[in-house]
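Engineer: predicted model, plus sequence, below.
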Amino acid sequence: MRYMARNLPAIFYVALIYGFIFLPVAVLVLFSFQETRLPIPPFNGPSFKWYEAIFSDARMMDALGNSVIVAVISSAFSAALGFLAAYSLARFRLPTPRLLQGILTAPLTVSYLIIAMGLLITFNAINMPKSLLTIGIGHVVINMPLCFAILYSQMGEHQANVERAARDLGAREWQVLVLISIPMLWPALFASFFLSVTFSWDEFIIAFMVSRFDVTLPVEIWSMLRTGLNPKTNAVGSLVFLVSFATVIVLDFIVFRKRRS
């Protein structure tokens, strides 16, 4: 009791912060089960009416499938390119490595709006039509620097020593890369991939500016909101949050399980 009383201000402060962060999400999830069309008090439910409505909406399901495809494929490319870039800078002597590192991480400091405008101009200049491919390229542009930063920070000297030992024992370079480097870095690779999936899953600005007919889920939600308040947006928003939350939980489970072992 004394411990609780002594730490009561800290507990109250933490509860206040978490309430401020998660209260809007809790309201969104709560009113996704509202029976009536207007998501306003009093709560009338629970009902799965609006979840059934979004799963029977062909356009919504197409947008959901597009989001999954773009998120998974672009994240895989982002993690692979980030690994190769980090491995090159960490293991080889390149000219001006600090400058190269700064150039690779520069997109992290640039607004998504500026990146989207640059991508749009570039695609128009080379006559590349707007599609899921252009969205995926845009997501690789914003996620690859993050993957690079995570992987580069995990490439320590102890891993370099293991790689040297493998070479001394006769391993070829591709064997060192596939059998030594990648397995030792797999928690960081998983972290890079899942974080990229999370960012790609709910990214809107780039997906909106470089897409036309094949749109992702955030763009479809924006289209629904343009026509006014729609209770289906609460249900689909709850699903987006659930997928993002589940991805983070899986990431934490994999990384922390590896650390404990």
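Structural biologist: Good, I have the coordinates.
Engineer: could you pull out the buried residues of stretch 89-104?
Structural biologist: For stretch 89-104, the neighbour count (16 or more other CB atoms under 10 Å) marks 89-90, 101, 104 as buried. C-beta coordinates here come from the backbone N, C-alpha and C atoms, glycine included.
Engineer: next: stretch 17-36.
Structural biologist: So for stretch 17-36, counting by 16+ other CB under 10 Å, buried means 28-29, 31-34.
Engineer: just the ones of the buried residues of stretch 89-104 in helices?
Structural biologist: 89-90, 101, 104 (DSSP state H).
Engineer: pLDDT on stretch 249-258, on average?
Structural biologist: What stretch 249-258 shows for mean pLDDT is 66.
Engineer: where's Ala171, which helix or strand?
Structural biologist: Per DSSP states H and E, Ala171 falls between elements, in no helix or strand.
Engineer: tell me the contacts of it?
Structural biologist: 179-180 (CB atoms under 8 Å, 6 or more residues apart in numbering).
Engineer: check what pLDDT it gets.
Structural biologist: The model's pLDDT for Ala171 equals 79.
Engineer: give me phi/psi at it?
Structural biologist: Per-residue torsions, Ala171: phi -70, psi 140 (degrees, to the nearest 10).
Engineer: repeat for Thr36
Structural biologist: phi -80, psi 170.
Engineer: on that earlier part again, list just the nearest of the buried residues of stretch 89-104 to Met184.
Structural biologist: Ala90 (12.3 Å; CB to CB).
Engineer: any idea how far the closest one lies from Thr227?
Structural biologist: 51 Å (CB to CB, to the nearest Å).
Engineer: separation between the residue lying closest to Pro129 once chain neighbours are set aside and Val219?
Structural biologist: Of all residues not flanking Pro129 in the chain, Arg212 sits nearest, at 7.4 Å (CB to CB, 6 or more residues apart in numbering). Remark: distance between Arg212 and Val219 (CB to CB) = 10 Å.
Engineer: repeat that for Pro95.
Structural biologist: Distance, Pro95 to Val219, by CB to CB: 42 Å.
Engineer: the helices in the stretch 151-261 of the chain, which residues?
Structural biologist: Using DSSP state H, counting those that start in this stretch, the helices of the stretch 151-261 of the chain run over 157-168, 173-175, 182-184, 186-201, 205-209, 217-226, 232-260.
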